[in-house]
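Trainee: Provided below for reference: sequence and predicted model.
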Amino acid sequence: MIMNEIYKLNAKQLSEKLNAKELSSVEITKAFLQRLESEDSKVGSYLQINSDGALEEAKLVDNTRVKGEKLPQMAGVPISIKDLICTKGIATTAASKILEDWVPPYDATIVENIKKNRLVILGKTNLDEFAMGSSTERSAYKLCRNPWDLDTVPGGSSGGSASSVAGYLAPFSVGTDTGGSIRQPAAFTGLVGAKPTYGGVSRYGIIAMASSLDQAGPMARDTRDAAILHDILSSYDKRDSTSLNFDFGSMEKAVIDGQKIGVSGKKIGIVKELSGEGFAPGVLEAFRETVDKLSDAGAEIYEISCPNFKYSIGAYQILMASEASSNLERFDGMRYGKRFLPDSGNVTAETMMSATRGKGFGFEVIRRIILGMHSLSAGSYEAHYGAAQKSRTLILGDFENAFKKVDYLISPTAPTVAFKLGEQLDNPMQMYMNDMATIPANFAGCPAISLPNGLAENNLPSGFQIIANQKADSSMYELAAALEKLIGFNYDKSYSRANGLK
Ligand code: GLN
């Protein structure tokens, strides 16, 4: 096979070629590394490329296969990993200067799972610093572009994971989602991206942003690949006190079932507050067309009001910033990463910490630390943190009521398609609005997935979100796979290269 046929294959197809011995992992890995070398400078999806490590693991997998020894199904297939996730021996920066060159001495549990499954780690992907952002423009290292249109953002904060998969620089990738950072970039780049039930995937070794909301999950070009990766990532982990010891079943099986079963008889609720005001006309039109297809195919569609979702963005800003401000206290120049000294005056522990944090953190991170510290301070705690917690409880109540009537909630994933680089950077409120449809699922710990819903404005992809009840991840994949078939979006055929990466 020629190189540009190899990197176009999705993860499942690659594993089939490997298992049939039609391709070796070294051939596949080389195809991706070559493409990375020639094309990634145009997109900026990777912060670290693990060339030697990847080739070494590929060789080991190939040798094992040649000997006829048993290997996991996906052994030898490459993957990219968001640079918020600790990888032993490979620098992990969270796209922050404060962690420049920091090499973790251990693997995150999900990286252990990836290694047990013998996937080949191509490298670490770009993100907004400490996962704070919706465009990946807050990376302290490099600009990240959307492969569909190089003048637009890939979304964020998992924008590097998104652009690596969307630009055929990796078959699939691991992102993290605190308020939408898997789903919104998936929507902007025509991918499938899923946030698992809170506790379904271990957070151990993932640099914490807001611990009560963070979950890692898969990004891929179809539901089958996303499901396969979801199954690999998901495990009970004693090292994460919020990990669920629960049998979620196989997401891959759910996808296969969903493709057969279809959508007939499924009870689905359109979130009234997330299907009108605030969304771009083209995004809404694409959403409504797909809702019509669902109803024509026999799904039972209801309109469900979730009146408290309007508090999502406000409550999220307070709770996320409060948790992030305390999580980021550990970066003090003493324990992790970089140390900066003051430009003048005495060097004391205090002036060193202040210089380290002042120079090591970027603007958006500092803004959120200040907001978080303020919200948690004695004078504002009740008015800010307390009120935000109450709003979260109200939002949970909306979900509880909704799931008495329906099994799934749907909405567009993001209010717009990918916007131009720089367009929202100086307008934090507008940037924060990107997450209006995605935050509620993080608050409730519900699984949620974004599917490509065809092309909308400017010939760019828009996303369709499905939220299911806690622990109903497999049921979510079942509907997602059925809906994917109904929408009929084929990534390869739809991918337009006019303004994008060839
Ligand atoms: N875009 C959101 C934010 O800026 C979500 C981030 C995330 O999910 N990591 O906070």
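Mentor: That came through fine.
Trainee: now do the same end-to-end measure for stretch 261-279.
Mentor: This stretch, stretch 261-279, spans 31 Å end to end (CA to CA, to the nearest Å).
Trainee: Please enumerate the helices of the stretch 301-450 of the chain.
Mentor: 312-327, 349-360, 363-376, 387-405, 428-433, 439-444 (DSSP state H, counting those that start in this stretch).
Trainee: can you list the residues of the protein near the ligand?
Mentor: Residues of the chain lying close to the ligand (CB under 6 Å from any ligand atom) are 131-134, 157, 177-181, 209, 320, 435. C-betas here are computed from N, CA, C, even on glycine.
Trainee: So which of these wins on neighbours?
Mentor: The most neighbours of any of these, using other CB atoms under 10 Å, belong to residue 181, which has 37 neighbours.
Trainee: What separation do you get for that residue and residue 169?
Mentor: 19 Å (CB to CB, to the nearest Å).
Trainee: How about residue 96?
Mentor: In terms of CB to CB, residue 96 sits 23 Å off from residue 169.
Trainee: So which of the residues of the chain next to the ligand belong to helices?
Mentor: Judged by DSSP state H, the subset of the residues of the chain next to the ligand located in helices is residue 320.
Trainee: Which one of the residues of the chain next to the ligand is nearest to residue 84?
Mentor: residue 131 (5.5 Å; CB to CB).
Trainee: how about the closest residue to residue 279 other than its chain neighbours, what does it touch?
Mentor: Excluding its sequence neighbours, the residue lying closest to residue 279 (CB to CB, 6 or more residues apart in numbering) is residue 415, at 4.8 Å. Contact analysis of residue 415 by CB atoms under 8 Å, 6 or more residues apart in numbering lists 278, 279, 280, 283, 433, 434, 436, 437.
Trainee: Setting aside sequence neighbours, what's the nearest residue to residue 268?
Mentor: residue 408 (4.8 Å).
Trainee: Give the bridge partners for that neighbour, please.
Mentor: Beta bridges link residue 408 to residue 268, residue 468 when assigned by DSSP bridges.
Trainee: Is it in contact with residue 476, as I believe?
Mentor: Yes - contact criterion CB atoms under 8 Å: residue 408 and residue 476 qualify, at 7.2 Å.
Trainee: what is in contact with these two at once?
Mentor: With CB under 8 Å, 6+ apart as the test, residue 408 and residue 476 both reach 466, 467, 468.
Trainee: in the protein, which ranges drop under the pLDDT threshold?
Mentor: Across the chain, residues meeting the criterion (pLDDT under 70) sit at 3.
Trainee: burial measure for residue 66, as a count.
Mentor: 10.
Trainee: With the one 3 residues further on instead?
Mentor: The burial metric for residue 69, expressed as a neighbour count using other CB under 10 Å, is 8.
Trainee: what does residue 21 give?
Mentor: 10.
Trainee: got the contact list for it?
Mentor: Counting by CB under 8 Å, 6+ apart, residue 21 touches residue 65.
Trainee: Surely residue 310 touches residue 274?
Mentor: No - under the criterion of CB under 8 Å, residue 310 makes no contact with residue 274, lying 9.9 Å away.
Trainee: More neighbours: the two, which one.
Mentor: residue 274 (27 against 15).
Trainee: just to revisit the earlier point, residue 290: which of the residues of the chain next to the ligand is nearest?
Mentor: residue 180 (19.5 Å).
Trainee: so the closest one touches residue 433, yeah?
Mentor: No - if you go by CB under 8 Å, residue 180 and residue 433 don't touch, sitting 10.9 Å apart.
Trainee: so what's the closest residue to the ligand within the stretch 251-400 of the chain up against?
Mentor: Taking CB to the nearest ligand atom, the ligand has its nearest neighbour within the stretch 251-400 of the chain at residue 320, 5.7 Å off. The contact partners of residue 320, by CB under 8 Å, 6+ apart, come to 178, 179, 209, 210, 213, 368, 372.
Trainee: I'd assumed residue 438 was in contact with the first one.
Mentor: No - with contact taken as CB under 8 Å, residue 178 and residue 438 are classed as non-touching, separated by 9.6 Å.
Trainee: Which of the three states applies to the residue nearest to residue 19 when sequence neighbours are not counted?
Mentor: Nearest residue to residue 19, sequence neighbours excluded (CB to CB, 6+ apart): residue 73, at 7.5 Å. Using DSSP: H, G, I helix; E, B strand; the rest coil, the structure places residue 73 in coil.
Trainee: roughly how far apart are residue 73 and residue 18?
Mentor: Counting by CB to CB, the gap from residue 73 to residue 18 is 9 Å.
Trainee: One more: residue 370?
Mentor: Going from residue 370 to residue 18 by CB to CB gives 50 Å.
Trainee: of the two, who's got more company?
Mentor: Taking other CB under 10 Å, residue 370 and residue 18 do not tie; residue 18 has more neighbours (23 against 12).
Trainee: Which helix or which strand is home to that one?
Mentor: helix 11-19 (DSSP states H and E).
Trainee: quick one: contacts of that helix?
Mentor: 1, 6, 9, 23-25, 28, 65, 73-79, 171-172, 220, 224-225, 228-229.
Trainee: Buried members of those into ChimeraX, please.
Mentor: Selection of buried members from the contacts of helix 11-19 for ChimeraX, criterion 16 or more other CB atoms under 10 Å:
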select :6,9,23,24,25,28,65,73,74,75,76,77,78,79,171,172,220,224,225,228,229
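Trainee: out of the contacts of helix 11-19, which are inside helices?
Mentor: Filtering these for helices - DSSP H - leaves 6, 25, 28, 65, 224, 225, 228, 229.
Trainee: Which residues are in contact with the residue of the stretch 401-502 of the chain found nearest the ligand?
Mentor: Nearest to the ligand, among the residues of the stretch 401-502 of the chain, is residue 435, at 4.8 Å (CB to the nearest ligand atom). Taking CB under 8 Å, 6+ apart, we find residue 435 in contact with 134, 179, 180, 184, 312, 313, 316.
Trainee: Grab the nearest non-local neighbour of the first one.
Mentor: So the one you mean is residue 134. Residue 134 sits nearest to residue 434 (CB to CB, 6+ apart), 3.9 Å away.
Trainee: Distance of that neighbour relative to residue 388?
Mentor: Residue 434 sits 19 Å away from residue 388, taking CB to CB as the criterion.
Trainee: With residue 350 instead?
Mentor: Applying CB to CB to residue 350 and residue 388 gives a distance of 31 Å.
Trainee: Show me the residues of the chain next to the ligand that map onto strands.
Mentor: In this view, these that belong to strands under DSSP state E are residue 177.
Trainee: Residue 161: which of the ones in helices among the contacts of helix 11-19 is nearest?
Mentor: Distance to residue 161, by CB to CB, is smallest for residue 229 among these, at 11.1 Å.
Trainee: hang on, that closest one packs against residue 218?
Mentor: Yes - with contact defined as CB under 8 Å, residue 229 counts as touching residue 218 (3.6 Å).
Trainee: what's the overlap in contacts for those two?
Mentor: Jointly contacting residue 229 and residue 218 under the rule CB under 8 Å, 6+ apart are 172, 174.
Trainee: Counting neighbours, what do you get for residue 394?
Mentor: 17.
Trainee: Among the helices of the stretch 301-450 of the chain, pick out the one with the most neighbours on average.
Mentor: helix 439-444 (a mean of 28; mean count of other CB atoms under 10 Å).
Trainee: what separates it from the chain centre, distance-wise?
Mentor: Centroid displacement of helix 439-444 relative to its chain, using CA atoms, centre = their mean, to the nearest Å, is 14 Å.
Trainee: List of residues touching it?
Mentor: Defining contact as CB under 8 Å, 6+ apart, one finds that helix 439-444 is touched by 177-180, 195, 198, 213, 215, 306, 309, 312-313, 315-316, 392, 395-396, 398-399, 446-448, 467, 470.
Trainee: Find the nearest non-adjacent residue to residue 492, please.
Mentor: Using CB to CB, 6+ apart, the closest residue to residue 492 is residue 8 (6.5 Å).
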